[in-house]
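> output the structure for:
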Amino acid sequence: MKRFHFILFFTLLTATSIQINAQTCKPSGGIRGRKPPPGECNKENDSDCCVQGKFYTTYTCSPTVTSATSAKLTINSFQKGGDGRGPSECDNQYHSDDTPVVALSTGWYKGGDRCHKFITINGNGRSVKAKVVEECDSTMGCDADHDYQPPCPNNIVDASKAVWKALGVSQDNWGDLDITWSE
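A predicted model of the protein is given here:
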C-alpha cells in the first residue's frame, strides 16, 4: 500500500510540475537599443523608439492560451505609412485602420499558425472579433525592419483603431488596456 501511495504521489507531483512548466514563459534573452537615424522611428499612436544602450528583454514564448487569456491591448496602424512598419506578415497586405485586425506577440503568433484566424477580444465590458494579420515581434527590435521600435512584450495584442472603437474605449484612453482574448 505504501508503494501505491508513493507512485500516486510521484505521478501527481510530476503532472503538477508539467502543468506549471507549461504555463511559464521566461525571457529568452535581450538586445541593446540603438538610436534610430533621424526620422526613422514612426511615433504614430505614441509608439516607443529604441533608446541607445537600453536593455530590452526578448521572448520566444507567450503565456499559455486559455478560454480567457490575459493580455495587454496596444494600438497599431496597419495602413501604408502607419507605425506597423510595412505590409502585414500573414498576407503581405496593408489593412485599413477601420478593419478589426491584430498582431500577436511571437509566442501566440506561433510562426504564422494563427494567420487569418479570428480571435475574440474582451475589454471595457464589450467584445469584438478581430483577424490576426501580423506578428508583434518579441524576439527582435531596434532595427530598420522593426521601425526602430523595441521588441514587443510577450503578452501583447496589438490592435487597429477599429478594435479600440468596437470596445468603446474613448480615444484619449487608446494605447494600453488590460483585456482577455480567446480563439
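> so what pairs up with Asn122 in the strands?
When bridges are called by DSSP bridges, Asn122 pairs up with Ser127, Thr180.
> quick one: contacts for it?
By C-beta atoms under 8 Å, 6 or more residues apart in numbering, the contact set of Asn122 is Ala68, Ile179, Thr180, Trp181, Ser182. For the C-beta atoms, the positions are set from N, CA and C on the backbone; glycine is no exception.
> what's the most distant pair in the residues you listed?
Taking C-beta to C-beta, the two most distant members of the contacts of Asn122 are Ile179 and Ser182; they sit 10.6 Å apart.
> with neighbour numbers in mind, choose between those two.
Taking neighbours as other C-beta atoms under 10 Å, Ile179 and Ser182 compare with Ile179 leading, 20 against 13.
> and that one, what does it touch?
Ser70, Ala71, Lys72, Leu73, Ile121, Asn122, Gly123, Val157, Leu167.
> ramachandran coordinates for the last one?
Right, Leu167. When read as degrees, to the nearest 10, the backbone of Leu167 gives phi -80, psi 0.
> what's the answer for the first one, then?
Listed backbone geometry of Ser70 is phi -70, psi 140, with angles given as degrees, to the nearest 10.
> tell me how many other residues surround the nearest residue to it once chain neighbours are set aside.
Excluding its sequence neighbours, the residue lying closest to Ser70 (C-beta to C-beta, 6 or more residues apart in numbering) is Thr180, at 5.7 Å. Per other C-beta under 10 Å, the neighbour tally for Thr180 reads 17.
> identify the residues contacting Thr180.
Ala68, Thr69, Ser70, Ala71, Ile121, Asn122, Gly123.
> the third one: neighbouring residues, count only.
By the measure other C-beta under 10 Å, the count of residues near Ser70 is 11.
> correct me, but it touches Leu177?
No: checked against C-beta atoms under 8 Å, the pair Ser70 and Leu177 is beyond contact range at 11.7 Å.
> so who does Thr74 touch?
Contacts of Thr74 (C-beta under 8 Å, 6+ apart): Cys136, Ile156, Val157, Asp158, Ala159, Gly175, Asp176.
> go again using 7 Å as the cut-off
Ile156, Asp158, Gly175, Asp176 (C-beta atoms under 7 Å, 6 or more residues apart in numbering).
> okay, and which of those residues map to strands?
Of these, the ones assigned to strands by DSSP state E are Ile156, Asp158.
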